[in-house]
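Chemist: structure, please.
(one chain, ligands or ions: 2)
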Amino acid sequence: MAKPISIEVYNPNGKYRVVSTKSMPGTRWINLLIEQDCRVEICTQQKTILSVEDIIALIGDKCDGVIGQLTEDWGETLFAALSRAGGKAFSNMAVGYNNVDVNAANKHGVAVGNTPGVLTETTAELAASLSLAAARRIVEADQFMRAGLYDGWLPHLFVGNLLKGQTVGVIGAGRIGSAYARMMVEGFKMNLIYYDLYQSTRLEKFVTAYGEFLKANGEQPVTWKRAASMDEVLREADVISLHPILDKTTYHLINKESLATMKKEAILVNCSRGPVVDEVALVEHLKQNPMFRVGLDVFEDEPYMKPGLADMKNAVVVPHIASASKWTREGMATLAALNVLGKIKGYPVWGDPNGVAPFLNENAPPPAASPSIVNAKALGLPVSKL
Ligand SMILES: NC(=O)C1=CN([C@@H]2O[C@H](COP(=O)(O)OP(=O)(O)OC[C@H]3O[C@@H](n4cnc5c(N)ncnc54)[C@H](O)[C@@H]3O)[C@@H](O)[C@H]2O)C=CC1
Ligand SMILES: O=C(O)C(=O)CO
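Modeler: Ligands and ions are numbered 1, 2, ... in the order given. Modelled structure (predicted):
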């Protein structure tokens, strides 16, 4: 028999049972659910990644909706269990939902929510931080100081790369990729080259206008280019940041061949998903090219790193913290809770998943809608008129 899972319960007499597989930042999300007659159960098990069996035990016999995490495997087994328990809603507390089998959710009539928008700037800021940390060798230099090795200024000490006037390459210029591009263009006066399946007209207009502003002020204007292929970005850019979704088309997008296409002194940043990069090939490339540097927030087999990566001085590694600002994490919890609540209450789906600000205003009740349901169309859910 499966061991019982420890939980914390809010509003025990609530009509609808909503389970969160993890404690999430802030209290607004709990209060919003309680106000709408939900009993909220939060898993307190001291285990970072819950198994499918753990989550089945949490769902139990009656469950109206679940808020889950990107570390969990939401496939046929869990959606079948949720559906058997009467559940109609699941939300990832994440914008990426490659851990979710949406077809299985569709089959069981379960709405799948995600949390776009609220983490765009926070994630882009970490990509910018990793770009700078790699370019200026900040982690290596920090370790050198702490080891007591600094005995005076030297002309060659930790010489890195200047960003100004160089080219930043963005692969996947959606919400986060575009926000990162703007930061690097505006902050460091870098030229932009990007590759995406779709044109990013707003981003192009921004770089054009900023270039004109610089020119009018007697400075070198910045430029942009939409690349016809990813290889064009890899060949031309000095700093390359990866921001696509993870799917079949982006798995191992960066591999031995594409790494060989990049400049020997290029910087590669990954704040998307680990499997977008072939990490074994990356470790080998880092070994062969000491001037090539990477900043990684995500890893192919999280929480593990491929052998050798931790030893590489030309790699900066952080534990999947790109969206970890207080405001963002509280907002993600709110959007995830409202996705589930909206479906339970029969609300429509919000018409613009890029415009979720009304749900995040703490001084007003949120709109009566689910902020972002990725399979709304497949399930034929009504869409709010805004
Ligand atoms: N490290 C972290 O903590 C975080 C990671 N993420 C990851 O970032 C991803 C992107 O998030 P958003 O910008 O909000 O999503 P988005 O949907 O706005 O942007 C993704 C972009 O990738 C493009 N794309 C898809 N397939 C492509 C391909 N084969 N080649 C080039 N471009 C392609 C899409 O056209 C789109 O413009 C998420 O799916 C998630 O996996 C998001 C937030 C935090
Ligand atoms: O939202 C996501 O997709 C993350 O990876 C964590 O914020």
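Chemist: quick one: contacts for the nearest residue to residue 298 once chain neighbours are set aside?
Modeler: Of all residues not flanking residue 298 in the chain, residue 274 sits nearest, at 4.3 Å (C-beta to C-beta, 6 or more residues apart in numbering). From N, CA and C alone the C-beta is placed, and that goes for glycine too. Residue 274 makes contact with 298, 299, 300, 301, 302 under the criterion C-beta atoms under 8 Å, 6 or more residues apart in numbering.
Chemist: redo that, cut-off 6 Å
Modeler: Counting by C-beta atoms under 6 Å, 6 or more residues apart in numbering, residue 274 touches 298, 299, 300, 302.
Chemist: pLDDT at the second one, what is it?
Modeler: Put plainly, it is residue 299. If you check residue 299, the pLDDT there is 98.
Chemist: which parts of the helix or strand in which residue 103 is found are buried?
Modeler: Following DSSP states H and E, one finds residue 103 within helix 102-107. When neighbours are counted by 16 or more other C-beta atoms under 10 Å, the buried residues of helix 102-107 are found to be 104, 105.
Chemist: next, see if it gets close to ligand 1.
Modeler: No. Using C-beta under 6 Å from any ligand atom, helix 102-107 stays clear of ligand 1, with a minimum separation of 13.1 Å.
Chemist: which residues of the stretch 201-350 of the chain lie near ligand 2?
Modeler: residue 323.
Chemist: in the stretch 201-350 of the chain, what residue lies closest to ligand 2?
Modeler: Closest contact between the stretch 201-350 of the chain and ligand 2, by C-beta to the nearest ligand atom, is at residue 323 (3.2 Å).
Chemist: ignoring the adjacent residues along the chain, who's closest to that residue?
Modeler: residue 119 (4.0 Å).
Chemist: so that neighbour makes contact with residue 329?
Modeler: No. Judged on C-beta atoms under 6 Å, residue 119 makes no contact with residue 329 at a distance of 8.4 Å.
Chemist: neighbour count for those two, which is higher?
Modeler: Shown here are residue 119 and residue 329; by other C-beta atoms under 10 Å, residue 119 has more neighbours (25 against 19).
Chemist: how about the strands of the stretch 51-200 of the chain, start to end?
Modeler: 65-68, 89-92, 111-113, 167-171, 191-195 (DSSP state E, counting those that start in this stretch).
Chemist: so what's the gap between the fourth one and the chain middle?
Modeler: For strand 167-171, the distance between its averaged C-alpha position and the chain's averaged C-alpha position is 18 Å (C-alpha atoms, centre = their mean, to the nearest Å).
Chemist: tell me what that strand is packed against?
Modeler: helix 175-188, strand 191-195, helix 230-236, strand 239-242 (3 or more C-beta pairs under 6 Å, 6 or more residues apart in numbering; DSSP states H and E).
Chemist: and the residue of the stretch 1-150 of the chain nearest ligand 1?
Modeler: residue 96 (2.7 Å).
Chemist: ok, now the stretch 151-300 of the chain?
Modeler: residue 174 (1.9 Å).
Chemist: residues near that residue, how many?
Modeler: 20.
Chemist: ligand 2 versus that one, what's the distance?
Modeler: Separation of residue 174 from ligand 2 (C-beta to the nearest ligand atom, to the nearest Å): 12 Å.
Chemist: possible to save the strands of the stretch 51-200 of the chain as CSV with mean pLDDT?
Modeler: Output for these, formatted as CSV (pLDDT from 0 to 100):
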stretch, mean pLDDT
strand 65-68, 98
strand 89-92, 98
strand 111-113, 98
strand 167-171, 99
strand 191-195, 99
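Chemist: can you list these in a markdown table and add mean neighbour count?
Modeler: Listed next are the strands of the stretch 51-200 of the chain as a markdown table, based on neighbours: other C-beta atoms under 10 Å:
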| stretch | mean neighbour count |
| --- | --- |
| strand 65-68 | 29 |
| strand 89-92 | 28 |
| strand 111-113 | 29 |
| strand 167-171 | 28 |
| strand 191-195 | 25 |
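Chemist: who wins for proximity to ligand 2 among these?
Modeler: Per C-beta to the nearest ligand atom, nearest to ligand 2 of these: strand 89-92, 7.6 Å.
Chemist: ok, and what's touching that closest one?
Modeler: Against strand 89-92 from outside (C-beta under 6 Å, 6+ apart): 65-68, 70, 110-114, 336, 339-340, 343-344.
Chemist: now with 8 Å, please.
Modeler: 64-70, 74, 79, 82, 99-100, 105, 110-115, 335-337, 339-340, 342-344, 370.
Chemist: cool, and stretch 231-239?
Modeler: Residues contacting stretch 231-239 (C-beta under 8 Å, 6+ apart): 131, 135, 161, 163, 166-171, 184, 190, 193-195, 227, 240, 258, 261-263, 265-267, 269.
Chemist: same deal with stretch 10-24?
Modeler: Contact with stretch 10-24 is made by 7-8, 30, 33-34, 36-44, 50, 55, 58-59, 62-69, 72, 93, 329, 332-333, 336-337, 340-341, 344, as judged by C-beta under 8 Å, 6+ apart.
Chemist: and that stretch, which residues are buried?
Modeler: Applying 16+ other C-beta under 10 Å to stretch 10-24 flags 10, 11, 14, 16, 17, 18, 19, 20, 21, 22, 24 as buried.
Chemist: touching ligand 2 at all, it?
Modeler: No. Using C-beta under 6 Å from any ligand atom, stretch 10-24 stays clear of ligand 2, with a minimum separation of 11.7 Å.
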